[in-house]
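Novice: need a 3D model of the following:
(chains A and B)
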Amino acid sequence: MTAPLPKDAALEEEGADQAPEPALDAQVQQQLGSLLRGMYADLLNRPVPDRFLEILQRLDERPEDDRP
Amino acid sequence: MTPDADVRAGLFLVVPHLRAFAISLTGSLDHADDLVQETLLRALSNLDKFQPGTSLQAWTFTILRNLFHTEFRKRRREVEDPDGLFAGRLASLPEQGARLDFQDLRTALAKLPSHQREALLLVGAEGLSYEEAARVCGTHLGTIKSRVNRARTRLAELLHLDTLDDLGPDHLVRGALREDVTQAS
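Specialist: Just a heads-up that it's a prediction; the model follows:
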């Protein structure tokens, strides 16, 4: 798998970003940040499936001359 | 350690972050794990393209994020139905020892345009700088700031977040918010 990394796909959808910026109450922003980080921490703490570790370990054993 | 071995060791540490980002981006454990797997395979087969000294996290997030959008271009209908399938999947993600019920947040996240959702997750949850998030998303700093700002505003509306005195009766985070405010004041 040596395909180049895909280029950004998003740049053509910028239109909606051009309107004036809304302002958010600092306290509300803080509440939201705390919620997001809490949800994310829950996800970060979930056990990683073995298959990912296996992928990384398998490649550890790959001979030098097999690399791209 | 060879540079490659260094990077591979770093990848072990990045996996939980890739997974958390992918789950909150897609709302589906299966989809997220497919994305993470493909990301790892691509990263490993492109190790020579990684620039030592730059952020391995940002590099792998870029790969994952680009895969996500490439897929979505092929399945356009899902992008244009953010309140339907996508929201349903997010809401049904099983809890695992969560201290709070994050279902409302996931449902609200799913209603954001994907570019706003990813920007907010990168900056507000993963903790990347705006500059790093802009690089990951292949766009400009101002665009990222704007997307994060819009995402926050929209989420606050969807979750009925207002000043503390004005929280809705069934709000999910009342307890946690009290903690935060206490710490902040």
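
Novice: please count neighbours and contacts with C-alpha atoms only from this point.
Specialist: Noted.

Novice: which secondary element of chain A has the worst mean pLDDT?
Specialist: Least confident helix or strand, chain A: helix A:50-60 with a mean of 83, by mean pLDDT, DSSP states H and E.

Novice: before we move on, which element is residue B:24 in?
Specialist: helix B:3-26 (DSSP states H and E).

Novice: what angle sits between that helix and helix A:50-60?
Specialist: Interaxial angle of helix B:3-26 relative to helix A:50-60 (axes from the mean of the first three to the mean of the last three Cα atoms, to 10 degrees): 160 degrees.

Novice: what helices and strands are in contact with helix B:3-26?
Specialist: In terms of contacts (3 or more Cα pairs under 8 Å, 6 or more residues apart in numbering or on different chains; DSSP states H and E), helix B:3-26 is packed against helix A:26-44, helix A:50-60, helix B:29-45, helix B:56-74, helix B:85-91, helix B:114-120.

Novice: could you single out the most deeply buried of the ones you listed?
Specialist: Of all the helices and strands packed on helix B:3-26, helix B:114-120 carries the top mean neighbour count, a mean of 24, counting by mean count of other Cα atoms under 10 Å in any protein chain shown.

Novice: what's the following helix or strand after that one?
Specialist: Criterion used, DSSP H and E; the element after helix B:114-120 is helix B:130-137.

Novice: the following helix or strand past that following helix: which residues count as buried?
Specialist: The helix or strand immediately downstream of helix B:130-137 is helix B:141-158, counting by DSSP H and E. By 16 or more other Cα atoms under 10 Å in any protein chain shown, the buried positions in helix B:141-158 come out as B:141, B:143-156, B:158.

Novice: the helices and strands packed on helix B:3-26: which one's closest to residue B:136?
Specialist: Closest approach to residue B:136 among these (Cα to Cα): helix B:56-74, 4.5 Å.

Novice: tell me if the closest one is near chain A.
Specialist: Yes: applying Cα under 8 Å from any Cα of the partner chain, one finds helix B:56-74 touching chain A at B:63, B:66, B:67, B:69, B:70.

Novice: show me what that helix is packed up against.
Specialist: helix B:3-26, helix B:29-45, helix B:130-137.

Novice: present the residues of helix B:56-74 next to chain A as TSV; the columns should include pLDDT and distance to residue B:54.
Specialist: Below are the residues of helix B:56-74 next to chain A laid out as TSV (pLDDT from 0 to 100; distance: Cα to Cα, whole Å):
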residue	pLDDT	distance to residue B:54
B:63	97	14
B:66	95	18
B:67	95	21
B:69	90	23
B:70	88	24
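
Novice: for residue B:108, state which of those is nearest.
Specialist: residue B:69 (19.9 Å).

Novice: please name the nearest non-neighbouring residue to residue B:16.
Specialist: Excluding its sequence neighbours, the residue lying closest to residue B:16 (Cα to Cα, 6 or more residues apart in numbering or on different chains) is residue A:44, at 5.5 Å.
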